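# give me a model of this one.
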Amino acid sequence: MPAETEDNLDDVISDLIDGDEEEEEQAPASASPLADIDTPEIDFDGPDVALTERAARQVRKIREDENLDDALYLRVAVEGGGCSGLSYKLGFDHKSEEDEVIVSQGIEVIVDSKHMMYLKGISVDYPDGLDARGFTFDNPNATETCGCGSSFAT
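A predicted model of the protein is given here:
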């Protein structure tokens, strides 16, 4: 490579490095790229997790039919998976130290505190008509849901 070309490349590289240093000096070191994004805190009216009357009636029926231990709580949870990214989980489980206990329709519901950000404000229903039968979830945090309603994305 001719010496003249090498000098030009050195000058270009030097200018690029010097340009980066000037930009760094102008921008405050603590500025976050997310600092300008407005992220209002989500505040829902009502309980963190709510059961409709129909859902509570079905939970009581399952508890009675299965003769479940009183130490078991109804757990509402999420897990990765499903066609929209996160899936709902509903079942009976033992309470852990990380769980929040919410009473809805006289039923004690447990939710792992790490899952609450996805479930805050959710309503669990149990339609039993001809069109639908089973537990359904109305989640105000969901930005999209799958057709069957068992998974969602935020």
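# just give the number of residues close to residue 126.
19 (other C-beta atoms under 10 Å). (Glycine included, C-beta is placed from N, CA and C.)
# gap between the two ends of stretch 64-78?
25 Å (C-alpha to C-alpha, to the nearest Å).
# use 15 as the first number for this chain going forward.
Shifting the count to begin at 15 puts that one at stretch 78-92.
# just the buried residues of it, please?
The neighbour-count check on stretch 78-92 (16 or more other C-beta atoms under 10 Å) flags 86, 87, 88, 89, 90, 91, 92 as buried.
# specify the beta-bridge partners of the second one.
Bridge pairing for residue 87 (DSSP bridges) gives the partners residue 107.
# got the contact list for it?
106, 107, 108, 109, 113, 115, 122, 123, 124 (C-beta atoms under 8 Å, 6 or more residues apart in numbering).
# from residue 155, how far off is it?
Going from residue 87 to residue 155 by C-beta to C-beta, to the nearest Å gives 22 Å.
# could you do the third one as well?
For residue 88, the distance to residue 155 (C-beta to C-beta) stands at 20 Å.
# what strand or helix carries residue 138?
strand 136-139 (DSSP states H and E).
# what do you get for residue 76?
Judged by DSSP H and E, residue 76 forms part of helix 67-79.
# for the record, mean pLDDT for that helix?
Averaged across helix 67-79, the pLDDT comes to 96.
# contacting residues around it?
65, 82, 86, 88, 106, 118-121, 138-142, 149.
# if you count neighbours, what's buried in stretch 128-138?
Neighbour-count burial for stretch 128-138 [16+ other C-beta under 10 Å]: 129, 130, 132, 133, 134, 135, 136, 137, 138.
# likewise for stretch 62-70?
62, 63, 64, 65, 66, 68, 69, 70.
# max pairwise distance over those residues: which two?
Greatest spacing in these, by C-beta to C-beta: 62 and 68 (19.6 Å).
# now the residue nearest to residue 103 when sequence neighbours are not counted: how far from residue 104?
In space, residue 103 comes closest to residue 91 once its chain neighbours are excluded; the distance is 4.1 Å by C-beta to C-beta, 6 or more residues apart in numbering. Separation of residue 91 from residue 104 (C-beta to C-beta): 8 Å.
# same question, residue 85
18 Å.
# likewise residue 154?
Residue 154 is 18 Å from residue 104, by C-beta to C-beta.
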